[in-house]
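Participant: predicted model and sequence below, questions to follow.
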Amino acid sequence: MRKILIVGAGQSGLQLALGLQTQGYEVTLMSNRTADEIRSGRVMSTQCMFDTALRHERDLGLNFWESQAPRTEGLGVSVATPDSARAIDWVGRLDGYAQSVDQRVKMAGWMETFAQRGGQLVIHGAAVSDLDYFSRNYDLVLVAAGKGELVSMFGRDASRSPYAEPQRALAVAYVHGLGPRPEHPDFDAVRCNLVPGVGELFVMPTLTTGGRADILFWEGVPGGPVDVFQGIKDPSEHLALTLELMEKFTPWEYARATKVELTDAGGTLAGRYAPTVRHPVGRLPGGGLVLGVADVVVANDPITGQGSNSASKCAAAYLAAIVEHGDKPFDETWMQATFDRYWETAQHVTKWTNAMLGVPPEHVLNLIGAAGELQPVADRFANGFDNPADFENFFFDPEKTNAYLAEVAGA
Ligand SMILES: Cc1cc2nc3c(=O)[nH]c(=O)nc-3n(C[C@H](O)[C@H](O)[C@H](O)COP(=O)(O)OP(=O)(O)OC[C@H]3O[C@@H](n4cnc5c(N)ncnc54)[C@H](O)[C@@H]3O)c2cc1C
């Protein structure tokens, strides 16, 4: 059977490894950490995944935590005024529920499953020189190592990467003890709080190592009042700062957070990165070729919560392309075509996410405002997180936005 090497045991690498394994491929998975190290380590993401991405996991029978993880049935948007009131506030209903399963739980569990099913798991932080050596023994080498150093093998695609610098400073805290949402407490929702000029606060339920929890996630405009987490090592100091900023900018969220405590010592994360699209084919010093997967080739800012969703979609697209290719060689033409197939969906994610990082134009403000009056608009916006391609129909072009709003208002 064909031999495939996958470097990186994250959402995309593991989903692809387990999918290929089911199809009878001989898969080697290289991870720089063991399952236990991942499980007992630091949180890595907020990993809210919407229906389409979750379905790819279900299709492979990998939805091990579906019954335990909270079901997120809505997505709410609030916009803060300069005096910290809520100018806009609505909740859209998702057609299919979203879920967040702490990557520490999921990746550790999937890694163990891969090994139990006979997969070759190598614990080693791969360098380019390793890949050069290993590539000769495999039919295909996939690099799914996220935003780590191996991205240097893949050139930045400037035409698809409008930002050279990080656009947000990220600060995550996993907590127990958050009170229910004041509105619609009968179902769980992701809460997106937009604070113009300052950043965004996202609040969402998750399943973590200690059971159900909630995530408080600040995205701060660089240099602004929320860009203050860099260098903070003490998790309780990180949480205190998170809450202080919530009290100042989003008091309605702070009101339900007064009794929270961190889930565990690894429950905080701070960092930043520039959203980047890369050329998908990497050439090794010895002439071998490798194909980049998910964040390696398309890394978007988490402002729209798309990276894990995209990783799942990328893994599903690559799995289909590999299987369909049968015994033919995985050459450069195939690699480029395989990435292009993924880019069909990824391009919409990148366009929308990069737009959300900028100052919203007037028609987008009108759209977000109108969603407070027109429930179908709120619902459609919320479901755009599952299928960002739909934003082409009503988000980017003022004429299309106005026509859509007129149509809904008329109905
Ligand atoms: C703060 C934050 C919040 C986010 N929130 C969301 C969200 O709500 N929804 C969403 O969809 N996305 C979210 N994302 C994005 C999402 O987490 C990522 O896009 C997604 O995990 C990418 O999956 P991946 O498989 O490409 O890479 P990763 O998940 O990064 O996995 C890569 C793996 O490779 C390993 N690795 C790295 N280098 C090597 C090496 N040399 N050798 C071996 N192994 C290596 C890493 O340790 C890691 O385990 C968020 C990201 C951040 C930072």
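Facilitator: Received the coordinates, thanks.

Participant: what about the closest residue to Asp295 other than its chain neighbours, which helix or strand?
Facilitator: Once flanking residues are discounted, Asp295 sits nearest to Gly146: 4.6 Å by Cβ to Cβ, 6 or more residues apart in numbering. (C-beta placed from N, C-alpha, C; glycine too.) Secondary structure assigned from DSSP states H and E places Gly146 in neither a helix nor a strand.

Participant: Gly146 and Ser308: what is the separation?
Facilitator: Per Cβ to Cβ, to the nearest Å, Gly146 is found 11 Å from Ser308.

Participant: between the two, point out the one with more neighbours.
Facilitator: The residue with more neighbours, out of Gly146 and Ser308, is Ser308; 27 against 22, by other Cβ atoms under 10 Å.

Participant: pretty sure that one contacts Ser45?
Facilitator: Yes: with contact defined as Cβ atoms under 8 Å, Ser308 reaches Ser45; the gap is 6.4 Å.

Participant: so what's in contact with the two at the same time?
Facilitator: Among the neighbours of Ser308, those also in contact with Ser45 (Cβ atoms under 8 Å, 6 or more residues apart in numbering) are Gln103.

Participant: which stretches in the stretch 251-400 of the chain count as helices?
Facilitator: 251-254, 307-324, 332-357, 362-370, 375-384, 398-410 (DSSP state H, counting those that start in this stretch).

Participant: turn the ones you listed into TSV, including distance to Leu284 and mean pLDDT.
Facilitator: Output for those, formatted as TSV (distance: least, Cβ to Cβ, whole Å; pLDDT from 0 to 100):
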stretch	distance to Leu284	mean pLDDT
helix 251-254	48	97
helix 307-324	19	98
helix 332-357	13	98
helix 362-370	44	97
helix 375-384	39	98
helix 398-410	45	97
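
Participant: quick one: closest of those to Ala69.
Facilitator: Of all those, it is helix 307-324 that lies closest to Ala69, at 13.1 Å by Cβ to Cβ.

Participant: average pLDDT across stretch 9-24?
Facilitator: In this model, stretch 9-24 has a mean pLDDT of 98.

Participant: buried ones in it?
Facilitator: 9-21 (16 or more other Cβ atoms under 10 Å).

Participant: of those residues, which is the nearest to Val359?
Facilitator: So of the buried residues of stretch 9-24, ranked by how close each gets to Val359 (Cβ to Cβ), first place is Gln11, at 30.9 Å.

Participant: my guess is that closest one contacts Ala294. True?
Facilitator: Yes: counting by Cβ under 8 Å, Ala294 is a contact partner of Gln11 at 6.9 Å.

Participant: mutual contacts of the two, please.
Facilitator: Common contacts of Gln11 and Ala294 (Cβ under 8 Å, 6+ apart): 311, 315.

Participant: from memory Glu73 sits against Leu94, does it?
Facilitator: Yes: with contact defined as Cβ under 8 Å, Glu73 counts as touching Leu94 (5.7 Å).

Participant: near the ligand at all, stretch 11-25?
Facilitator: Yes: using Cβ under 6 Å from any ligand atom, we find that stretch 11-25 touches the ligand at 11-13.

Participant: of those, which belong to helices?
Facilitator: In helices, defined here by DSSP state H, the members of those are 11-13.

Participant: residues in contact with the residue nearest the centre of the chain?
Facilitator: The residue lying closest to the centre of the chain (Cα atoms, centre = their mean) is Gly307, at 2.7 Å. Shown in contact with Gly307 (Cβ under 8 Å, 6+ apart): 45, 294-295, 299-300.

Participant: okay, the helices of the stretch 251-400 of the chain, which one's buried deepest?
Facilitator: helix 307-324 (a mean of 23; mean count of other Cβ atoms under 10 Å).

Participant: which residues does Arg212 bridge with?
Facilitator: Leu207 (DSSP bridges).

Participant: how about Arg156?
Facilitator: With DSSP bridges as the rule, Arg156 is bridged to Arg278.

Participant: measure the closest residue to the ligand within the stretch 301-411 of the chain to His279 for me?
Facilitator: With Cβ to the nearest ligand atom, the shortest gap between the stretch 301-411 of the chain and the ligand falls at Gly307, namely 1.9 Å. Using Cβ to Cβ, one gets 19 Å for the distance from Gly307 to His279.

Participant: same question, Glu253
Facilitator: Distance of Glu253 to His279, computed by Cβ to Cβ: 41 Å.
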